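Novice: coords please:
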Amino acid sequence: MTDPAAKTLVPVLRISFPDEDRLGHGKMELLEHIRATGSISAAGRAMDMSYRRAWLLVSEMNRMFSEQVVEPQRGGQKGGGAALTPFGEELLERFRRMEKTMRESLAEDLAWLEAKRGL
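Specialist: The predicted model follows:
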């Protein structure tokens, strides 16, 4: 049986910066996993991506802004980890709010598109 939600239209927010950097759902999901796990490598595993790829995405986000998004954490039994900075928390919150605003703003038009879509 197919999930009906999987067949609905979904707007996707992606912000393209003038210098070709991008901010979108994948990076925000990575931040959520880092917040939940306290680890870049565990966040990458949760998304089925290599540590190197996760680390490169974090590095890219840290470079994109005037403030760090993710910072290393020292200590602990297994060594260090990673955590979102206050700026990273706000970035994630604002991005999710932008997504919600976009979905709400487009709901009527998406419903119209859905009604006109051929199956």
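Novice: C-alpha from now on. contacts and neighbour counts both.
Specialist: Fine.
Novice: How about residues contacting stretch 59-79?
Specialist: Contacts of stretch 59-79 with the rest of the structure, by Cα atoms under 8 Å, 6 or more residues apart in numbering, involve 21, 58, 80-89, 91.
Novice: in the lengthiest helix in the chain, what counts as buried?
Specialist: Ranked by residue count and defined by DSSP state H, the top helix of the chain is helix 86-116. Using 16 or more other Cα atoms under 10 Å as the test for burial, helix 86-116 gives Gly88, Glu89, Leu91, Leu92, Phe95, Glu99, Arg103, Leu110.
Novice: quick one: least confident of the contacts of stretch 59-79?
Specialist: Note: of these, the lowest pLDDT belongs to Gly80, at 71.
Novice: quick one: low-confidence ranges for the protein?
Specialist: By pLDDT under 70, the low-scoring segments of the chain are 1-6, 75-79, 119.
Novice: just to revisit the earlier point, Serialize the buried residues of helix 86-116 to JSON lines and add fields for distance to Val12.
Specialist: As requested, the buried residues of helix 86-116 are exported to JSON lines (distance: Cα to Cα, whole Å):
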{"residue": "Gly88", "distance to Val12": "20"}
{"residue": "Glu89", "distance to Val12": "20"}
{"residue": "Leu91", "distance to Val12": "17"}
{"residue": "Leu92", "distance to Val12": "15"}
{"residue": "Phe95", "distance to Val12": "12"}
{"residue": "Glu99", "distance to Val12": "8"}
{"residue": "Arg103", "distance to Val12": "9"}
{"residue": "Leu110", "distance to Val12": "12"}
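Novice: Quickly name whichever of the residues you listed is closest to Glu32.
Specialist: Leu92 (7.8 Å; Cα to Cα).
Novice: separation between the closest one and Trp112?
Specialist: 30 Å (Cα to Cα, to the nearest Å).
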